[in-house]
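1. Sequence first, then the predicted structure:
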Amino acid sequence: MDAERKQIIMNFSTPPSLEDIQVLAEEAFESLPEELAQFCDELEIRVDDFPDAALEQDMDLESPYDLVALYICDESDLPGTIRKLSNDTATFTFFRRPLLDEWCDAGEDLNMLIRQVMITEIGQTHGFSDDELQEMSNRHYQGMFFVRAQK
């Protein structure tokens, strides 16, 4: 196997841990479509089990399972709790338990779900349309496997 080639193969007999989700999210980040990557030069990726109570209240969530991920790139107009989370750095936080519920409900590959969530959250924040996001996801999905097959 090529030393420079990174490949993650994960089969889970137990639910993926915070660290497992972190690894998958970092790999998804490294292969974001260029249109989105330009907005994420210094993105900090975090994984927590659930949003905390203050964030739930600030976002008016009915349940902590309602929030799979939170992308923050601009602190203007953010409630205090969210502003404190961002620390002047763009952040993308996955919430593990809601993500795992989404994964079970969707029945799709966890890698692809994480990638899709990142593309959707970052793209919507920066004003991309649903059609543009779908095109990026399709192109990105196909290109990722094509590149790996070539190595």
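-> The structure has been received and is ready for your questions. Numbering: from 1, shown residues only.
2. And the next helix or strand past the helix or strand of the chain with the lowest mean pLDDT?
-> Across the helices and strands of the chain, the lowest-confidence element by mean pLDDT, DSSP states H and E is helix 80-86, at a mean of 52. Downstream of helix 80-86, the first helix or strand assigned by DSSP states H and E is strand 91-95.
3. What strands line up against that following strand, and which way round?
-> Strands that pair with strand 91-95, judged by DSSP bridges, come out as strand 44-48 (parallel), strand 69-72 (antiparallel).
4. Quick one: list the elements packing against the helix or strand following that strand.
-> Downstream of strand 91-95, the first helix or strand assigned by DSSP H and E is helix 96-106. In terms of contacts (3 or more C-beta pairs under 8 Å, 6 or more residues apart in numbering; DSSP states H and E), helix 96-106 is packed against helix 18-30, helix 110-125. Backbone N, C-alpha and C define where each C-beta goes, glycine included.
5. could you redo the ones you listed as TSV and give each row mean pLDDT?
-> Below are these laid out as TSV (pLDDT from 0 to 100):
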stretch	mean pLDDT
helix 18-30	94
helix 110-125	93
